[in-house]
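J.: Give me a 3D structure for the following:
(chains A, B, C and D)
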2 protein chains.
Amino acid sequence: MEGSAPRRTRIQQEKRELILEAALEVFSTNGFRGSTIDQIAEAAGMSKPNLLYYFRRKEDIHETLMERLLETWLAPLRELDDIGDPLTELRSYIRRKLEMARDFPRESRLFANEILQGAPRIMPLLEGELKALVDEKAAVIKGWMRAGKIARTDPWHLIFSIWATTQHYADFDVQVRAVLGPDRGGDGRFEDAARFLEQLFIDGLKPKG
Amino acid sequence: MEGSAPRRTRIQQEKRELILEAALEVFSTNGFRGSTIDQIAEAAGMSKPNLLYYFRRKEDIHETLMERLLETWLAPLRELDDIGDPLTELRSYIRRKLEMARDFPRESRLFANEILQGAPRIMPLLEGELKALVDEKAAVIKGWMRAGKIARTDPWHLIFSIWATTQHYADFDVQVRAVLGPDRGGDGRFEDAARFLEQLFIDGLKPKG
DNA sequence: GCAAATTTTGACCGATTGGACAAACGTTAG
DNA sequence: CTAACGTTTGTCCAATCGGTCAAAATTTGC
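T.: This is a model prediction of the structure:
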């Protein structure tokens, strides 16, 4: 595991944040190999050697970014609560995921980029932490099904399809806007999506009469 | 527009195909900027200058690949037929899309890469051909809804969610397999996905009693 | 206010990259 | 057979890249 966090001055904390913010922008639009340190440095408003004073290697930036990302990314699923009303829980899970796609599209794209390339840097996390979390929540959902609270389906593929549909509005945003056109592709598209997804998943999951 | 197709010798046709096949492999796993001409040349079993004899610039390979891709990619949607039975038509559309994710994951990832980066090279096609096709099919679906053949929803977002869920099994394959684990993540995962998606979409779209 | 520590910069380096080019090699048609 | 054409290769180049380094500028602790 990591050693104890190194002591950091005020300037170091500020500049590191600045760099991570700039790197998020650059990495998420160009991918890791498609991004250059110069680009990130310029976006952060500093020179390349100066940036390298805070992060010694390009990979270190990416790594730090990914570590932070995964936690926020899984938070919505973590909140899925065994105790609450099943349909309400699932509805707010979908809503939270869609809000993340709307409010943090760069994070979504960064993640998508990583997975697309075979997840070379986070494979252990996927097989470990992520799998464990999904298995746990799948068991919760299975419990709801057994109790007749929601219709029976495959909980894993249900989760996949919630991920897929919500993240689609971040990752494929340009396509969504291109297809919807200037009128329907405006700010309202996320509300339309929310209505549609609620109907698709929640109505579809209501227990069969 | 392009001039008339240039005359090509037998060797040129064969070698160009070889290069495109190799480039599909390389581009889809590393992205455009993440791939080098050397990599593609090696995968195609020829030297870099030799490859550059057939495609003068790296971009030309990518461009050719994207042009071919879009047609095959849209073919399933093109087949969605006004005449057929609505639920049957939608069911086979979903099945075809999922089969493409299974059989042509590299093409799917290549496309995803392009969109993720803002679709710099195919934006006009998205706003033109793609939008026109989707609008046309959305109208077909709307007709089915008006006729009471399927439940009412937003046809555009319905199409998006079919794209998202099916392509997810190609683009996020490593994540899917990591989460499902060695047992459930084997070859059967596409059949499980097919069953799940059919239930989600088709049952969800049955007209309300 | 000053010495020590931290931050910033410009100059530089080796490796990799996309691509050019001419010469060598093969193929094909008459 | 041979001349014209098509193909392949080795060598080379300029640009870009990630990263180093020592010196200069700045901030900090006392």
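J.: State the phi and psi torsions of residue A:54.
T.: Residue A:54 adopts backbone torsions of phi -90, psi -40, taken as degrees, to the nearest 10.
J.: and it, how far is that from DNA strand C?
T.: Taking C-beta to the nearest atom of the strand, to the nearest Å as the measure, residue A:54 falls 7 Å from DNA strand C. C-beta: built from backbone N, CA, C; applies to glycine.
J.: Settle this for me: that residue is touching residue A:15, isn't it.
T.: Yes. Counting by C-beta atoms under 8 Å, residue A:54 does reach residue A:15; the two are 5.4 Å apart.
J.: Next one: residue A:59 relative to residue A:85, how far apart?
T.: 45 Å (C-beta to C-beta, to the nearest Å).
J.: domain assignment for chain A?
T.: Following automatic domain parsing, one gets these domains for chain A: A:1-56, A:68-205.
J.: Export these to TSV and append columns for distance to DNA strand D and mean pLDDT.
T.: Listed next are the domains of chain A as TSV, based on distance: least, C-beta to the nearest atom of the strand, whole Å; pLDDT from 0 to 100:
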stretch	distance to DNA strand D	mean pLDDT
domain A:1-56	3	88
domain A:68-205	14	95
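J.: Need the winner for burial among the ones you listed.
T.: Greatest average neighbour count among these goes to domain A:68-205 (a mean of 18), per mean count of other C-beta atoms under 10 Å in any protein chain shown.
J.: what about it, distance to the chain center?
T.: 9 Å (C-alpha atoms, centre = their mean, to the nearest Å).
J.: next one: stretch A:10-22
T.: Taking the mean of its C-alpha atoms, stretch A:10-22 sits 22 Å from the chain's own mean (C-alpha atoms, centre = their mean).
J.: Give me the contacts around that stretch.
T.: Residues outside stretch A:10-22 that contact it (C-beta atoms under 8 Å, 6 or more residues apart in numbering or on different chains): A:8, A:40-41, A:43-46, A:51, A:54-55, A:61, A:64-65, A:68.
J.: right, and out of those residues, which lies closest to residue A:180?
T.: Closest approach between the contacts of stretch A:10-22 and residue A:180, by C-beta to C-beta: residue A:43, at 29.3 Å.
J.: Tell me which other helices or strands the helix or strand containing that closest one touches.
T.: For residue A:43, the element it lies in under DSSP states H and E is helix A:37-44. Here helix A:37-44 touches helix A:10-30, helix A:48-54, going by 3 or more C-beta pairs under 8 Å, 6 or more residues apart in numbering or on different chains; DSSP states H and E.
J.: quick one: which of those helices is nearest residue A:73?
T.: Nearest to residue A:73 among these is helix A:10-30 (13.0 Å), distances taken as C-beta to C-beta.
J.: Going along the chain, name the helices of chain A.
T.: Using DSSP state H, the helices of chain A run over residues A:10-30, A:37-44, A:48-54, A:58-79, A:86-103, A:105-116, A:123-125, A:131-146, A:155-171, A:173-184, A:189-197, A:204-205.
J.: And for residue A:64, the neighbour number?
T.: Residues near residue A:64, counting by other C-beta atoms under 10 Å in any protein chain shown, number 15.
J.: Can you verify my assumption that it contacts residue A:54?
T.: No. Contact criterion C-beta under 8 Å: residue A:64 and residue A:54 do not qualify, at 10.4 Å.
J.: Quick one: residues contacting residue A:51.
T.: Listed by C-beta under 8 Å, 6+ apart, the contact partners of residue A:51 are A:19, A:37, A:40-41, A:44.
J.: Tell me the one of those nearest residue B:152?
T.: Distance to residue B:152 across the contacts of residue A:51 (C-beta to C-beta) is lowest for residue A:40, with 47.4 Å.
J.: what sits against that closest one?
T.: Shown in contact with residue A:40 (C-beta under 8 Å, 6+ apart): A:19, A:22-23, A:26-27, A:51, A:61.
J.: again, but for residue A:65
T.: Residues counted as contacts of residue A:65 (C-beta under 8 Å, 6+ apart) are A:20, A:23-24, A:27, A:110.
J.: cool, and residue A:159?
T.: If you count contacts by C-beta under 8 Å, 6+ apart, residue A:159 has them with A:77, A:134, A:137-138, A:141.
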